[in-house]
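Participant: sequence plus predicted model, see below.
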Amino acid sequence: MPSAVEAATLFLFVPADRPERFAKAFAAGADAVILDLEDAVALEAKGLARVALREAASSLAQAPCPVLVRLNAAGSREHEADLALAAALPLSAVMLAKSERAEEVATVAATSGHPVVALVESAAGLANVRALAQVSARLAFGSFDFAADLGCRHTREALLLARLELVLASRLAGRPAPVDGVTASTRDEAAIEADAAHAAALGFAAKLLIHPAQIASAARGFAPAEGEIAWAERAIAAGQGGGAVALDGEMVDAPVLLRAKAILRAARRITDKAITGKASA
């Protein structure tokens, strides 16, 4: 059985120096919450953010959803302090910013005592992504930082190859499908839903979020369409006898049935969040 982090669809970032927001984030309906020590926290506030996390340890243990901490990149001046703190906290996993080398990810996992979500945000990270997938619990894509590193535009066309490589690396390593990057807009529901649907079409199974208002729209993007659900139900019914059968002029065999079952699993997992913005039980 996959862990809660491996099965999660929606990951909500919260700045680690804003402890007054933690409880609200835990209750917002995301599948997991990432308390961020990296980009969301100003350099001069990182020490205070670590203090806030240490003081919140008991509430993290009682959170109703998996809790992660995003660590500053290996080699940065904040990394060792972040890593020592993570080892003392009751976390489901840690996320390593700017993951680039498998050795760094393995060290973070061993030192922190937690699984690692490797956040790929650079050309070096993408070049080593298949090795990163072998030592991490899951891959995630930091699309804005990646585009900045390459000097390309943050468009679907420019980032297509990188996204497909994360999907392929995850599959080859036997890892869960990867986590796509954030949508900058927090209120444009159509854009959020479309970004999630694009990620799902490429083989991603999850998305990073920066505001609770994005939860319901992102969930709708990952939810199978009504036509897909109806087709999946009919395909499974048609294939119950085993072997290949015809449905609407198309063959239904074992690989098609696997796809149909995956569609129904996704529908069950996501429908509640898509309608209410709350995680299903």
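Facilitator: Nice, I can see it.

Participant: lowest average confidence, helix or strand, in this protein?
Facilitator: Least confident element among the helices and strands of the chain, by mean pLDDT, DSSP states H and E: helix 254-276 (a mean of 68).

Participant: and Val33, that's in a helix?
Facilitator: No: going by DSSP: H, G, I helix; E, B strand; the rest coil, the assignment for Val33 is strand, not a helix.

Participant: okay, it: pLDDT?
Facilitator: Note on Val33: pLDDT of 98.

Participant: sketch out the low-pLDDT regions of the stretch 1-150 of the chain for me.
Facilitator: Low-confidence segments of the stretch 1-150 of the chain (pLDDT under 70): none present.

Participant: what are the ranges of the strands in it?
Facilitator: Remark: strands of the stretch 1-150 of the chain, listed N- to C-terminal, are 10-15, 32-36, 67-71, 93-96, 116-120, 138-141; assignment by DSSP state E, counting those that start in this stretch.

Participant: and the residue lying closest to Ala8 once chain neighbours are set aside, how many residues sit next to it?
Facilitator: For Ala8, ignoring the flanking residues on the chain, the nearest one in space by C-beta to C-beta, 6 or more residues apart in numbering is Asp31 at 3.6 Å. Every C-beta, even on glycine, is put in place using the N, C-alpha and C of the backbone. When neighbours are counted by other C-beta atoms under 10 Å, Asp31 registers 23.

Participant: thinking Asp31 is in contact with Cys65, fair?
Facilitator: Yes: here Asp31 reaches Cys65: they are 6.5 Å apart, a contact under C-beta atoms under 8 Å.

Participant: so what's the residue most central in space within the chain bridging to?
Facilitator: Here the mean C-alpha position of the chain is nearest to the C-alpha of Val179 (C-alpha atoms, centre = their mean), at a distance of 3.3 Å. Listed beta-bridge partners, Val179: Ala140, Ala206 (assigned using DSSP bridges).

Participant: list the contacts of it.
Facilitator: Val179 makes contact with 11, 117, 138-141, 204-208 under the criterion C-beta atoms under 8 Å, 6 or more residues apart in numbering.

Participant: make JSON lines from those residues and add distance to Asn72 and neighbour count to it.
Facilitator: Compiled in JSON lines, the contacts of Val179 are given as follows (distance: C-beta to C-beta, whole Å; neighbours: other C-beta atoms under 10 Å):
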{"residue": "Phe11", "distance to Asn72": "18", "neighbour count": "27"}
{"residue": "Val117", "distance to Asn72": "14", "neighbour count": "29"}
{"residue": "Arg138", "distance to Asn72": "19", "neighbour count": "28"}
{"residue": "Leu139", "distance to Asn72": "19", "neighbour count": "27"}
{"residue": "Ala140", "distance to Asn72": "16", "neighbour count": "27"}
{"residue": "Phe141", "distance to Asn72": "18", "neighbour count": "28"}
{"residue": "Phe204", "distance to Asn72": "25", "neighbour count": "24"}
{"residue": "Ala205", "distance to Asn72": "26", "neighbour count": "22"}
{"residue": "Ala206", "distance to Asn72": "22", "neighbour count": "27"}
{"residue": "Lys207", "distance to Asn72": "22", "neighbour count": "28"}
{"residue": "Leu208", "distance to Asn72": "17", "neighbour count": "24"}
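
Participant: about what we covered before: of all the strands of the stretch 1-150 of the chain, which lies closest to Val256?
Facilitator: With C-beta to C-beta, the closest approach to Val256 among these belongs to strand 138-141: 27.1 Å.

Participant: which residues in the stretch 101-250 of the chain form helices?
Facilitator: Ranges of helices within the stretch 101-250 of the chain are 102-112, 123-127, 129-135, 143-150, 156-172, 189-202, 215-222, 226-238, based on DSSP state H, counting those that start in this stretch.
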